[in-house]
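Undergrad: Quick check, what structure comes out for this input:
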Amino acid sequence: MTTRHTPIATLPVLAAAALRPLPLRPLQIFLSAVMRRIVQKHPRMFERLGSYAGKRYGLAPVDLPFAFLLDTTPNASRIVVLRVLPERLDARISGPFLALLGMANGAYDGDALFFSRTIVVEGDIEAVLALRNAIDDAGVDVLREAASLLGPLGRFGEAMLCRRGRAHGPSIKVYRHGREGSTWN
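TA: Predicted structure coming up:
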């Protein structure tokens, strides 16, 4: 039996083009604040990685003109915005920005995104699974944490991203924190 799969929407090409000349520093400052907030609210999240703590993950949205480096070193975790990811990473995850964000928030099933080839994982797959499990166990909602730092503007942006994801998102539903859904297969 096959399941109908609707691809996850990518951000409009015009939006990506408009972001290309912008400096990364303001985004870096904002993401550093988001990371501090997440670590503050979920202080043991990176400890949950066990032997995978300290791994470096490259997150490469295919529809944005920049990428993210996530360093999971306990007590020194950070996220860095880069134009190009470095060669030496423990793992690299690439795909549409909304897929990566939805996977981080638990809205999309990472296994389903992987097997449908919506995302591509290279490198230490066990480290990626450990990261996903640590985020899930901690109940981190990256989008909500980011939106909360921006007040009403953030709530508007969160609603727009969620609406775009629902309107163009996959036919994948997942189990998260006891909520029922159907699996991808």
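Undergrad: Would you state the helices of the protein in chain order?
TA: Assigned by DSSP state H, the chain shows helices spanning 13-19, 25-41, 97-105, 110-115, 125-138, 142-149, 151-168.
Undergrad: out of these, deepest packed?
TA: Ranked by mean neighbour count, the helices of the chain are led by helix 97-105 with a mean of 24 (mean count of other C-beta atoms under 10 Å). In short, each C-beta sits where N, CA and C put it, glycine included.
Undergrad: list the helices and strands that one packs on?
TA: Judged by 3 or more C-beta pairs under 8 Å, 6 or more residues apart in numbering; DSSP states H and E, helix 97-105 is in contact with strand 56-61, helix 110-115, helix 142-149, helix 151-168.
Undergrad: how about 10 Å then?
TA: strand 56-61, strand 91-95, helix 110-115, helix 125-138, helix 142-149, helix 151-168 (3 or more C-beta pairs under 10 Å, 6 or more residues apart in numbering; DSSP states H and E).
Undergrad: closest one to Ser77 among the helices of the chain?
TA: Nearest to Ser77, of all those, is helix 25-41, at 6.1 Å by C-beta to C-beta.
Undergrad: how far does the closest one sit from the chain's center?
TA: Centre-to-centre, helix 25-41 and its host chain are 14 Å apart (C-alpha atoms, centre = their mean, to the nearest Å).
Undergrad: Confidence-wise, which helix or strand of this protein is lowest on average?
TA: Within the chain, confidence by mean pLDDT, DSSP states H and E is lowest for helix 151-168 among all helices and strands, at a mean of 57.
Undergrad: and the gap between the residue nearest to Ala53 when sequence neighbours are not counted and Ala99?
TA: Distance criterion C-beta to C-beta, 6 or more residues apart in numbering; nearest residue to Ala53, sequence neighbours excluded, is Pro74 at 5.2 Å. Between Pro74 and Ala99 the computed distance is 27 Å (C-beta to C-beta, to the nearest Å).
Undergrad: Good, wrapping up.
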